[in-house]
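*Asks:* what's the 3D shape of this:
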Amino acid sequence: MKKDLISIADLSLKDIQKIFSQAKRIKKNPNRYAGTLKGKTLALIFEKPSNRTYVSFSVGMYQLGGNAIYLGPEQVQLGVRESIHDVAKTLSRYVDGIVLRTFAHQTVLKMAQYADVPVINGLSDYSHPCQALADVFTIQEKLGLSYNKIIMAYVGDGNNVCNSLIFIAAKLGMHLKIASPKGYLPKEEVVKKASIEAKETGSFIELFTNPQEAVYQADIIYTDVWTSMGQEREAQKRRSDFKGFQINEQLLSLAKKNVLVMHCLPAHRGEEITDSVIDGKHSIVFDQAENRLHVQKAILVSLLKS
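*Replies:* Got it, this is the predicted structure:
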């Protein structure tokens, strides 16, 4: 039976640990895995533009001995030029796996339903599992602490990245404090679903509308853009609503002395984060970006190796 990666919520603790262990081995000795996916082909279906997701999956397949094919919105036009069902069934005859970066999460679910090969969610409006896995891998790499001793503060929009961080924190026992303006907090259904596992692992998920409260004594401060792709018409309102939620030196001073700063990128410098912070000594933003490559290689090996 084929496996997919659609949401962190679908993964077990064992699944996550397996990915992290594999990523650690691949990062330490990449040449050892150079031919692991020889002869394999990955289709990259992107309805949204991308830098890190596109490059990291393309380079990852190349370094593993395989091949990646990019299919942009002008080529596929899911549900317009051709149905998701027909695209999934056709590509399953050509390729060994599909990465889908799209707007609606339902599109990923349908692709996984109809495809006969593994489907990886490269981003949807609900979930960004590859990002969250790379994020926590980076945190463990930097801190080396038990998850239940780590406090992460997420300051920003309760979006797809936030959802994935909620699910992975709950599964691992990490403490997550989320600060968003009223109306931008993560959906109640996401928090409620994660809270079931959080009770078992000892994680706590807390919601705030005051960023100062959320970052107090935090080990990690994480942020994302205030306006995601597809929300451009809301940009001006969001800039107003998120005033006071910028990650700057003043906010950092409330966290632990050696706090680490994370951002999934792309960053709108001067909005959600200042230049001095993203380029400063506390930032691990580009280590985080690099680890997308290593973690996704581990995911590809796990799903595509026969």
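
*Asks:* so how far is the strand or helix carrying Asp135 off the chain centroid?
*Replies:* Asp135 belongs to helix 129-143 when elements are defined using DSSP states H and E. A distance of 9 Å separates the centroid of the chain from that of helix 129-143, by Cα atoms, centre = their mean, to the nearest Å.

*Asks:* could I get the full set of helices for the stretch 101-250 of the chain?
*Replies:* 105-114, 129-143, 160-172, 188-201, 211-215, 235-241, 249-252 (DSSP state H, counting those that start in this stretch).

*Asks:* hey, which of those helices is tucked in deepest?
*Replies:* Highest mean neighbour count among those (mean count of other Cβ atoms under 10 Å): helix 160-172, with a mean of 25. From N, CA and C alone the C-beta is placed, and that goes for glycine too.

*Asks:* which strands or helices does the helix holding Asp135 pack on?
*Replies:* Helix 129-143 sits against helix 13-28, strand 119-123, helix 160-172, strand 260-263, helix 285-304, with contacts defined as 3 or more Cβ pairs under 8 Å, 6 or more residues apart in numbering; DSSP states H and E.

*Asks:* of all these, which lies closest to Asn51?
*Replies:* Among the helices and strands packed on helix 129-143, the nearest to Asn51 by Cβ to Cβ is helix 285-304 (9.1 Å).

*Asks:* and the closest residue to Asn248 other than its chain neighbours, how far is that from Val95?
*Replies:* Nearest residue to Asn248, sequence neighbours excluded (Cβ to Cβ, 6 or more residues apart in numbering): Thr274, at 4.7 Å. Distance from Thr274 to Val95, counting by Cβ to Cβ, to the nearest Å: 42 Å.

*Asks:* domains of this structure?
*Replies:* Taking automatic domain parsing as the criterion, the chain consists of the domains 8-128+292-304, 130-288.

*Asks:* okay, buried residues for stretch 74-89 please.
*Replies:* Using 16 or more other Cβ atoms under 10 Å as the test for burial, stretch 74-89 gives Val76, Leu78, Ile84, Val87, Ala88.
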